[in-house]
Structure formats: structure tokens, C-alpha cells
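# Kindly return the folded structure for what I paste below:
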Amino acid sequence: MMQTNVQSSKLLKLVILALLGTISLVLFFLNFPLPFLPPYLKIDFSEVPALIAGLIFTPMAGVIVEAIKNLLYLVVSGAGDPIGVVANFLAGVMFILPVALLYHRYKGTKSIISGLVSGTIIMALGMSVLNYYVILPAYSWFIGAPEMAGTTAKWVAVSAGVLPFNLIKGIIVGLLFIPLFIKMRTWIEQKQTNMAA
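Residues are numbered from 1 along each chain as shown. Model prediction:
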């Protein structure tokens, strides 16, 4: 009996993660550019379901939802831009993990806010470094445009695009998520209790 309960709760967890990953994909398509940034940098709210998974279960669950979203996107989009998908996954993980880790350590709204601030800074700086040294060179190789990998071009792309974009994205998602968390807090805590039982 005990084993059946464990198996059914594992199955339920997988179903919830798959569902959150699918919702995340839908939110990923509902994106919009910012008027003063390059048009390929688009804001979306696909990190929200991953944040919810990371709070209900474990930080790793948030990473799994982020992975499901990006794998589904690869399948749906026909893998036209694998480098962009990898970059999106890494940015999502950098943003979600600090929030989930701090929440599981300290609980409460304060830990969510400090997690969102930390996540935004880590994502903005981490993605800037990764874009400069790895993603932009890989992308320019992928599309056959070596001039994009030049130092000046990379510096402009990072300082005028990647860095402000990730800071703004973190702030916008954070401002949406804080009231959402306050509304959902009781439900999230109930789910945690149910899953632990």
C-alpha cells in the first residue's frame, strides 16, 4: 500500500511537471519585444510555471519544467535555432534556482523577493558573460556570420542588448510573480504538505 502511494505521488508529480512545462511553452509563445532593445530579445512569462514547480517541489523541479518547455519548443519549432533554445534554458535556470533555493531555506514572501532580485542579477550577469564568450560566437558560427563574433560587435550586443534585457525581464517577471505568489501562497503550502504526505 505504501509503495502504491509513493508511486502514485511520483506519477502525480510527473503529470504536474509536464503540465507546467506545457503551460510554460504556451507562455513562451506569448512574447513581446521592448521598443528600445533589439527585436530578437523578447519578454515572456514562461519562467512563472517553472518558479511555481520550484516552490511546490524542489529547485530541481523548476529546472525540469524549464527543460520540458525548451524540449517542446525544439520539437514544435523544428529545431531552427538550437543555440537560442540552450541560451533560454540557461537563463531560466539562473533565474529560477536562486528563488527556489532561498524559498526552501527561509520560506515566506521576503525570501521570494530576495530570490527574485538575486535571480535577476545572476541571470543578467551570467547571460552577459555566456553571450560574450560562448553564445554569440557559437551563434555567428551557426549562421555563418564571423563578423558578429568580433570584440566590438559582441561588446555592443551584450552591453546594449543582453544585459539590459535580462535585468528588465527579471524585474517584469518578478513584479508579476510577487503578487501571484502572495495570492497562491496558501495553495502552494497545501500542495507541499500533500506531496510530503
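# I'd guessed Ser111 sits against Arg105; true?
Yes. Counting by CB atoms under 8 Å, Ser111 touches Arg105, with 6.9 Å between them. (Glycine included, C-beta is placed from N, CA and C.)
# So between these two, which is more surrounded?
Ser111 (17 against 9; other CB atoms under 10 Å).
# what sits against the more buried one?
Leu102, Tyr103, Arg105 (CB atoms under 8 Å, 6 or more residues apart in numbering).
# Got phi/psi on it?
phi -70, psi -30 (degrees, to the nearest 10).
# Tell me how far it lies from Phe177.
13 Å (CB to CB, to the nearest Å).
# same check, this time on Gln7
The value you get for Gln7 to Phe177, if CB to CB is used, is 32 Å.
# neighbour count winner among these two?
Between Gln7 and Phe177, counted using other CB under 10 Å, the more crowded position is Phe177 (22 against 10).
# Would you confirm that that one contacts Leu51?
Yes. Checked against CB under 8 Å, the pair Phe177 and Leu51 is within contact range at 6.0 Å.
# Give me the longest helix you can find in the protein.
Taking DSSP state H as the criterion, the chain has its longest helix at helix 163-196.
# Report all helices and strands that that one contacts.
Judged by 3 or more CB pairs under 8 Å, 6 or more residues apart in numbering; DSSP states H and E, helix 163-196 is in contact with helix 2-29, strand 42-43, helix 47-56, helix 82-106, helix 108-130.
# possible to save these as JSON lines with distance to Ile168 and mean pLDDT?
JSON lines is the format used below for the helices and strands packed on helix 163-196 (distance: least, CB to CB, whole Å; pLDDT from 0 to 100):
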{"stretch": "helix 2-29", "distance to Ile168": "17", "mean pLDDT": "85"}
{"stretch": "strand 42-43", "distance to Ile168": "7", "mean pLDDT": "92"}
{"stretch": "helix 47-56", "distance to Ile168": "14", "mean pLDDT": "95"}
{"stretch": "helix 82-106", "distance to Ile168": "13", "mean pLDDT": "94"}
{"stretch": "helix 108-130", "distance to Ile168": "9", "mean pLDDT": "95"}
